[in-house]
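A.B. asks: sequence first, predicted coordinates after that:
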Protein chains: 2
Amino acid sequence: MNGTEPPRKRPTQADVARLAKVSPAVVSAVVNGRTGGGVRVGDRTAARVEQAIRQLGYAPNVAARNLAGGRSDIIGVFTYEALFPMDAMSFYHPFLMGVEEAVEELDCHLLLFTGSHVDGRRRAIYKNGINTLQHADGAVIVGQAENREELTALLREGFPAVFIGRRELPGAEASYAAADYSGATRGLVERISGLGHRRIARLHGGSAHESIVDRDAGFAAAREQLAERLDAADVFVTPNAAAVTELVPRLVEQGYTCLIADDCDRAADACAAVEQLGLSVPGDLSVAALSEFSLAPTARDVNTVVTPGREMGAAAVRLLADLLKNPSDRSPRRTVLDCGLHDGDTLAAPRG
Amino acid sequence: MNGTEPPRKRPTQADVARLAKVSPAVVSAVVNGRTGGGVRVGDRTAARVEQAIRQLGYAPNVAARNLAGGRSDIIGVFTYEALFPMDAMSFYHPFLMGVEEAVEELDCHLLLFTGSHVDGRRRAIYKNGINTLQHADGAVIVGQAENREELTALLREGFPAVFIGRRELPGAEASYAAADYSGATRGLVERISGLGHRRIARLHGGSAHESIVDRDAGFAAAREQLAERLDAADVFVTPNAAAVTELVPRLVEQGYTCLIADDCDRAADACAAVEQLGLSVPGDLSVAALSEFSLAPTARDVNTVVTPGREMGAAAVRLLADLLKNPSDRSPRRTVLDCGLHDGDTLAAPRG
DNA sequence: CCACCGTGATAATGCGCATCACCAGTTGGC
DNA sequence: GCCAACTGGTGATGCGCATTATCACGGTGG
């Protein structure tokens, strides 16, 4: 009749062992299905133990299991920003789909590091010096905003981590599941050239992120490869919508017939600028994007490179699983996936 | 020159203690800032310890800390289905936003139980008899598809869990953060009646879920309360789109001027059926929904009750936090939140 | 009849940390 | 001059588990 019961004490292996009249080691073996290893357990005993487990509602303590050298069966996903707010979600969602899918296949749980902010809103891996990712066996890291020093430290420490997207960190070889933006960009330019365009302008957001650098490389490669069939393939830096709007008229004047933007938002800006000149897309000018990313639904259905987000997420988890399974092999695990090409209605052969 | 290094041994408190020439207890105290508790530490000693920590690059082991300390600072979210596939996401997203937000405030991490499927795809809380939710200190449970027996067992066990949405489980008092669907439904009917409608038909999907039962109650209450100003407020069971399409003509014949559907998908079906009769919405007939939920973007901007999803998610986490902070108080924690009313363009005063 | 092996179990140890009980020295009050 | 109170620390213990070394026992083969 005492309202204050003891604070819900969970049963331990020892409790199970007592009930089943065996030693704790046997319970451990049964729970982990290692009934044939150092500690051998007969079928009848195993059944008795399982019965006791059910009777007591025993569940292994993750922390203890971790500590004792086992693993937690938890895979983490770290992002430097909140995952679920609308604008973030539009970016993260495809990756998360793949991650969830692959983690589920591995029979692991998925941990989101929401408690990793130091002060204010900013998240961090190291929270007064301690690596919060330790809660998980390993982690997948995704997102643009990031603290490169931290990431480097993380790899140096040897923590099992796989990036979604290529990362080059000084003094550490990162594992990642990346998209072949270089190849995709080259493919897109080839396609554009194939349609007959000879003057192509690339509107470059100015970022030096690996994913952009890869596109740069692809663009450069295409220019070289198609040198004879192109009169111009130039890069113009346009950090924001205003810059695009301002630049487009000049590009039109200079006879460019196709504009390639970093993403669909910027491509939509370009379309708008073209139309504002009384010209039509793709009738007078073609527009394409190097990433399907966009914050808001765009007015036009832009021709764009499509990132295999879901596949990247799943691949990252699988690389991580491999990393965890063969910890002695310290070499980086890398997968590069092909991008798709979305056929919109902003790309056509040049006029006349 | 041996390729196989020792498997990355991290420094421990003991190492720090040795270097700083103090006992491990002192290091623990310094690391946790508890230099004024049972173990007292002087400023000079503390400085020496911190120096040693830096020198060794010591970082506490999370697992050990959890084991010794009793809590993991992990809050779980359990769903019976995958969270991130497109259709699921449209349902779960608002809740997750709130959950993430609140969990972040608590300085906890967020665990998704992706590893809880028994065989095939179906997830379960109990996996061969063991409660997989124990990975977390407590859990928020959300979703329609569910196994009531399991949930009852979970509560009986005393596991700290809070539902998003009202739940009545036999023999157990569930904690939940719910929406006031009853009040919202009454409010919507009042609004409709206020516009002059006297014959209202409710298209009922046939579910007996608490969230629907609450709407039933609200509808019944409104009918009673507005008895004098309503000629009819009837309920028709329409389990699917086809049933709606079939029923609507008869309702029109019978002089109903406003149709209320369970959700926006069904409401859109009703709109379509009305328009197929050559009538217009809301000119000839008004349509409203009791939930903004919809799988696909609907053609019409339906007037609907809006579930405070984000707030429910956040509230659930806060209730859980309270449950964890005062474990001796076993009473259920409950919050009921007001719904909003979205003004679309499918509701107007009746003709004439 | 004993050496030997395979089977089925136990006991002991330690993972890294937090915490509790205790202790040595130093003031300080009266 | 003696006890009290406070300061600054030590040492032991155990959280729950995995693992290793060890042991009892029965059946075989030589």
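C.D. replies: Sure thing, it's come through. Everything numeric here is computed off the predicted structure, so don't read it as measured data.

A.B. asks: just the helices in the stretch 251-352 of chain A please.
C.D. replies: A:264-276, A:309-325 (DSSP state H, counting those that start in this stretch).

A.B. asks: show me how far the longest one is from its chain's centre.
C.D. replies: Okay, so that is helix A:309-325. Centroid separation for helix A:309-325 versus its chain: 10 Å, with Cα atoms, centre = their mean, to the nearest Å.

A.B. asks: and stretch A:321-339, by the same measure?
C.D. replies: Relative to its parent chain, stretch A:321-339 has a centroid offset of 14 Å by Cα atoms, centre = their mean.

A.B. asks: domain map for chain A?
C.D. replies: A:13-60, A:74-179+A:310-340, A:181-306 (automatic domain parsing).

A.B. asks: how about the helices of the stretch 251-352 of chain A, which one is nearest residue A:346?
C.D. replies: Proximity to residue A:346 (Cβ to Cβ) singles out helix A:264-276 among those, at 6.3 Å. (C-beta placed from N, C-alpha, C; glycine too.)

A.B. asks: in the closest one, what counts as buried?
C.D. replies: In terms of neighbour count (16 or more other Cβ atoms under 10 Å in any protein chain shown), helix A:264-276 has its buried residues at A:264-275.

A.B. asks: about what we covered before: can you list the domains of chain A in CSV and add mean pLDDT?
C.D. replies: CSV is the format used below for the domains of chain A (pLDDT from 0 to 100):
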stretch, mean pLDDT
domain A:13-60, 88
domain A:74-179+A:310-340, 90
domain A:181-306, 95
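
A.B. asks: can I get these in a markdown table including distance to chain B?
C.D. replies: Shown next, in a markdown table, are the domains of chain A (distance: least, Cβ to the nearest Cβ, whole Å):
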| stretch | distance to chain B |
| --- | --- |
| domain A:13-60 | 4 |
| domain A:74-179+A:310-340 | 4 |
| domain A:181-306 | 10 |
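
A.B. asks: compare those and give me the one nearest DNA strand C.
C.D. replies: Of all the domains of chain A, domain A:13-60 sits nearest to DNA strand C, with 3.0 Å by Cβ to the nearest atom of the strand.

A.B. asks: quote the end-to-end distance of that closest one.
C.D. replies: 8 Å (Cα to Cα, to the nearest Å).

A.B. asks: any residue of that domain up close to DNA strand D?
C.D. replies: Yes. If you take Cβ under 7 Å from any atom of the strand as the test, domain A:13-60 does meet DNA strand D, through A:13-14, A:24-25, A:28-29, A:31-32, A:34, A:37-39, A:58-60.

A.B. asks: inside helices: which ones of those residues?
C.D. replies: Counted as lying in helices by DSSP state H, out of these, are A:13-14, A:24-25, A:28-29, A:31.

A.B. asks: now a ChimeraX select for only the buried ones of the residues you listed.
C.D. replies: Here is the ChimeraX command that selects the buried residues among these (16+ other Cβ under 10 Å):
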select /A:13,28,29,31
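
A.B. asks: export the ones in helices among the residues of domain A:13-60 next to DNA strand D to CSV and tack on distance to residue B:140?
C.D. replies: Output for these, formatted as CSV (distance: Cβ to Cβ, whole Å):
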residue, distance to residue B:140
A:13, 28
A:14, 31
A:24, 33
A:25, 36
A:28, 31
A:29, 34
A:31, 27
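
A.B. asks: show me the two of the ones in helices among the residues of domain A:13-60 next to DNA strand D that sit farthest apart.
C.D. replies: Among these, A:14 and A:29 lie farthest apart (Cβ to Cβ), at 14.4 Å.

A.B. asks: JSON lines for the buried residues of helix A:264-276, including distance to residue A:335?
C.D. replies: Converted to JSON lines, those look like this (distance: Cβ to Cβ, whole Å):
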{"residue": "A:264", "distance to residue A:335": "25"}
{"residue": "A:265", "distance to residue A:335": "28"}
{"residue": "A:266", "distance to residue A:335": "28"}
{"residue": "A:267", "distance to residue A:335": "28"}
{"residue": "A:268", "distance to residue A:335": "31"}
{"residue": "A:269", "distance to residue A:335": "33"}
{"residue": "A:270", "distance to residue A:335": "32"}
{"residue": "A:271", "distance to residue A:335": "34"}
{"residue": "A:272", "distance to residue A:335": "37"}
{"residue": "A:273", "distance to residue A:335": "38"}
{"residue": "A:274", "distance to residue A:335": "38"}
{"residue": "A:275", "distance to residue A:335": "40"}
